[in-house]
Structures are given as C-alpha cells and as structure tokens.
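[1] Need the 3D shape of this:
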Amino acid sequence: MAGKGTAPRNGKELQNRVVQLAQELGLKAQKEVKAGRRLWGAKRKIDVVLTDEKNGKRLGIECKYQSSSGSAEEKIPSTIQDIASWPIPGIVVIAGEGFSANMQGFLMSTGKVVWFDELEDWLKLYFGR
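    Numbers count the residues shown, from 1 in each chain. Predicted coordinates for the structure are as follows:
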C-alpha cells in the first residue's frame, strides 16, 4: 500500500496519499471536484473523486486529519450529512491521533468513515479489485 508504515502528517498530505493509493489501484483520481452546494449554501468541492474507468463506478472522498484534540472532529458529523446530498456515493477518510475515543466510536458507527490505514482494503472491496 502507498506509504504503509508512515502515517500522513496533515490534511493535504492525506489527500495526496489517497490519490496516490487510488492510482496504484488503477483508479482515476481527481482533486477538488465541484459538486453543487453544501447544506448551508456554500459551494461544495469534494476532496477526491475516484473513478473506475472500466465501468464508470465512482466514489467521493472527504479527507480529514486531526493531529491533536480540537474542533476539527466536530465538523465531521456535518460532513457525513453533506455526503448524503452528493450525486455519487461517498466516505470520509480520517487520519491522525487527535480524534477522541467518543468521536472515533461515533464515526465508525456511521459506516461512512474509514481510517487511512484501512483504505486500501476498503477500496479493493468497493471497486472489486
């Protein structure tokens, strides 16, 4: 897997690592794809959109990194709600040590959040690789 053994250190690196992993799996990856508006009216950009060009199957990915405790994790529940409005299926990929135990439990219970370290297996299952 791309970068196995070394975790991303910030949100931009996480996004780049998701793109790298997707490309290694033979998927097309696009960054910052425009997709309408968010729940509160702001223009929406999906961090990464993956496409299997063989069958057209797509997946949107929001990348969230948190290195220490703080408010970033509090934004993820609204991101999960926002994904429901996307024209394609989507997930949130997370990395970092800053997610509280309570938030980790909530995130995993949604079925829409995947740790970066588990993303390769998840993508292989989703895209049939």
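[2] mind saving the C-alpha coords of the helix or strand of the chain with the lowest mean pLDDT as PDB?
    Across the helices and strands of the chain, mean confidence by mean pLDDT, DSSP states H and E is lowest for helix 76-83: a mean of 84. This file holds the C-alpha atoms of helix 76-83, laid out as PDB (Å, rounded to 0.1, in the frame of the first residue of the first chain):
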ATOM      1  CA  ILE A  76     -17.200  15.500  10.600                       C
ATOM      2  CA  PRO A  77     -20.800  14.800  11.500                       C
ATOM      3  CA  SER A  78     -22.000  17.600   9.300                       C
ATOM      4  CA  THR A  79     -19.700  16.300   6.500                       C
ATOM      5  CA  ILE A  80     -21.300  12.900   6.800                       C
ATOM      6  CA  GLN A  81     -24.700  14.600   6.400                       C
ATOM      7  CA  ASP A  82     -23.400  16.600   3.500                       C
ATOM      8  CA  ILE A  83     -22.300  13.400   1.700                       C
END
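[3] Could you list every helix and strand in contact with it?
    Packing partners of helix 76-83 (3 or more CB pairs under 8 Å, 6 or more residues apart in numbering; DSSP states H and E): strand 58-65, strand 90-95, helix 101-109. Yep, even glycine has a C-beta here, placed from its N, CA and C like the rest.
[4] Kindly compare burial across the ones you listed and name the winner.
    Most buried of the helices and strands packed on helix 76-83 by mean neighbour count (mean count of other CB atoms under 10 Å) is strand 90-95; its value is a mean of 23.
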